[in-house]
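Peer 1: need a structure here:
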Amino acid sequence: MQITVIGTGYVGLVSGACFAEMGNAVTCVDLDTAKIDGLKKGVLPIYEPGLEAIVRENHAAGRLRFTHSLPEAMRDSGIFFIAVGTPPGEDGSADLQHVLGVARELGQHLERYAVIIDKSTVPVGTAEKVKAVVAEQLGKRGRNIEFDVVSNPEFLKEGAAVEDFMRPDRVIIGTDSHRAREIVEELYAPFNRSHQRTVVMGVRDAEMTKYAANAMLATKISFMNEMANLCERMGVDVENVRQGIGSDSRIGYSFIYPGCGYGGSCFPKDVKALIHMARQNDFEPAVLHAVELRNERQKSVLFDKIVARFGGDLNGRSFGIWGLAFKPGTDDMREASSVILMRKLIDAGATMIAYDPAAMDTARRELPRAWFAGNRIRLAEHQYDALSGVDALVLVTEWKPFRHPDFSAMKKLMKAPLIFDGRN
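Peer 2: Next comes the predicted model:
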């Protein structure tokens, strides 16, 4: 099938590459010409295990193309995935300017029936807005072209996105159109060979399903962090509690690992957006508000423990930081607990040596330049280099190389054998 994917971030690039891997002809579109030029050379803008090989192989085979021109991509395609960003506004609402901008351009150039698929995480009612914008542009052109708008939210975990796409738990298709349903079901048929994973529902139902799923997972994380804080005060080993409740099939083991708060591009943004949607509809989301509040406080727990040990004035203190990405398997530092921690440490007068297996380039690009220029932070080339002469190690992200370190070597490098473990 001929597919166009607009947006080459985590969702767009993974989706496009995986559809191409299944034999489809895919064109990925992005306005960022530098990003497109890099992709044509096999340089990916993101780190995601397994993605680089799929992109390069399918690009070389001619099944995966890249362009910055949407009209060019539309010439042969009848399926359009909108996978652009929906950043949060100051009030927590999802910013739809990029989504609606794509819809506007599609309406300006559409020449035949098309299925327009919202892949981005968008508020309930967005498909209706996309449909209205496309129809408005067609009206301005005096064209009467049929099209359908479908909600097909993504459920990809950063660090396992390729695996999640190729072997999905479910494929949600939100549509009221039989014609569009058949096309999208045919597109996903290769991903359903072992058993049926497709769930068809209304468009608004599908849009809400994505938010509800992410909010549920965020709730599990915040609940477990709350239990961990309570356990610590009562002399209880939260690891035993985790195993005890996880063995209950109604609860399960997923997303009940206590830590220093959730981050990334999805959970914080989606919880805020769902809270905003609730308040727009005169409903106060008490549980969601508590989830967000616990997470905000959890991101300060490590710093609070450091202050409890060393005092509030950290001038002359140096700390090793293991882990900068918000989770293992990615280089994404958006909303990462590490950034909150480092800002608090610097404000208290401390210096740091930081290491992450994947996020070093991200750190150089996104952390404040003043931190580097003022020698408040240095990035280490190896995880043990981050321990040279430090007063303590702070473990923030649970990368596998950090799980069984050489403690003898660590003791020789550090001023004192002290670890603040943010991931148990």
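Peer 1: okay, CA-based contacts and neighbour counts for the rest of this
Peer 2: Fine.
Peer 1: quick check: pLDDT value at the residue lying closest to residue 22 once chain neighbours are set aside.
Peer 2: If the residues on either side of it in the chain are set aside, residue 22 comes closest to residue 190, at 7.2 Å by Cα to Cα, 6 or more residues apart in numbering. We have a pLDDT of 93 for residue 190.
Peer 1: try the one 10 residues further on
Peer 2: In this model, residue 200 is scored at 97, pLDDT.
Peer 1: identify the residue spatially nearest to the most centrally placed residue in the chain, adjacent ones excluded.
Peer 2: Residue closest to the average C-alpha location in the chain (Cα atoms, centre = their mean): residue 265, at 3.9 Å. Leaving aside its sequence neighbours, residue 265 sits nearest to residue 334 (Cα to Cα, 6+ apart; 6.0 Å).
Peer 1: secondary structure class of the closest residue to residue 247 other than its chain neighbours, three-state.
Peer 2: Among residues not flanking residue 247 along the chain, residue 253 sits closest, at 7.0 Å (Cα to Cα, 6+ apart). With DSSP: H, G, I helix; E, B strand; the rest coil as the basis, residue 253 sits in coil.
Peer 1: so residue 253 sits against residue 239, correct?
Peer 2: No: Residue 253 lies out of contact with residue 239 (Cα atoms under 8 Å); the separation is 11.5 Å.
Peer 1: ok, now how distant is the residue of the chain most remote from its centre from residue 103?
Peer 2: In the chain, residue 142 marks the outermost C-alpha relative to the chain mean, sitting 40.1 Å out by Cα atoms, centre = their mean. Separation of residue 142 from residue 103 (Cα to Cα, to the nearest Å): 17 Å.
Peer 1: so what's the gap between the lengthiest helix in the chain and the chain middle?
Peer 2: Longest helix of the chain, by residue count under DSSP state H: helix 203-234. A distance of 15 Å separates the centroid of the chain from that of helix 203-234, by Cα atoms, centre = their mean, to the nearest Å.
Peer 1: give the buried residues for the helix or strand that comes right after that helix.
Peer 2: Remark: after helix 203-234, the chain's next helix or strand is helix 238-246, criterion DSSP states H and E. Neighbour counts using 16 or more other Cα atoms under 10 Å place 238, 242, 246 of helix 238-246 among the buried residues.
Peer 1: quick one: contacts of helix 238-246?
Peer 2: 227, 228, 231, 232, 251, 252, 253, 254, 256, 257, 424 (Cα atoms under 8 Å, 6 or more residues apart in numbering).
Peer 1: ok, now stretch 211-223?
Peer 2: By Cα under 8 Å, 6+ apart, stretch 211-223 touches 121, 255-258, 261-262, 266-267, 270-271, 274, 288, 291-292, 294-295.
Peer 1: go with 6 Å
Peer 2: Contact with stretch 211-223 is made by 255, 256, 267, 271, 291, 294, 295, as judged by Cα atoms under 6 Å, 6 or more residues apart in numbering.
Peer 1: which element follows the helix or strand hosting residue 139 toward the C-terminus?
Peer 2: Per DSSP H and E, residue 139 falls inside helix 126-141. Moving toward the C-terminus from helix 126-141, the next helix or strand (DSSP H and E) is strand 147-151.
Peer 1: any idea of the angle that next one forms with helix 203-234?
Peer 2: Per axes from the mean of the first three to the mean of the last three Cα atoms, to 10 degrees, the angle that strand 147-151 makes with helix 203-234 is 20 degrees.
Peer 1: how about residues contacting strand 147-151?
Peer 2: 113, 114, 115, 116, 117, 118, 174, 175, 203.
Peer 1: nearest to residue 18, of those residues?
Peer 2: Minimum distance to residue 18 across the contacts of strand 147-151 is 16.2 Å, recorded for residue 117 (Cα to Cα).
Peer 1: what number of residues lie near that closest one?
Peer 2: 25 (other Cα atoms under 10 Å).
Peer 1: enumerate every residue touching the residue lying closest to residue 208 once chain neighbours are set aside.
Peer 2: Leaving aside its sequence neighbours, residue 208 sits nearest to residue 124 (Cα to Cα, 6+ apart; 5.9 Å). Residue 124 sits next to 204, 207, 208 when contact means Cα under 6 Å, 6+ apart.
Peer 1: ok, back up a step: what's the pLDDT at the residue nearest to residue 247?
Peer 2: Reported pLDDT for residue 253: 96.
Peer 1: got phi/psi on it?
Peer 2: phi -90, psi -10 (degrees, to the nearest 10).
Peer 1: so how far is residue 94 from it?
Peer 2: From residue 253 across to residue 94, the span is 31 Å (Cα to Cα).
Peer 1: when those two are compared, which one has more neighbours?
Peer 2: Neighbours per residue, other Cα under 10 Å: of residue 253 and residue 94, the larger number sits with residue 94, 22 against 15.
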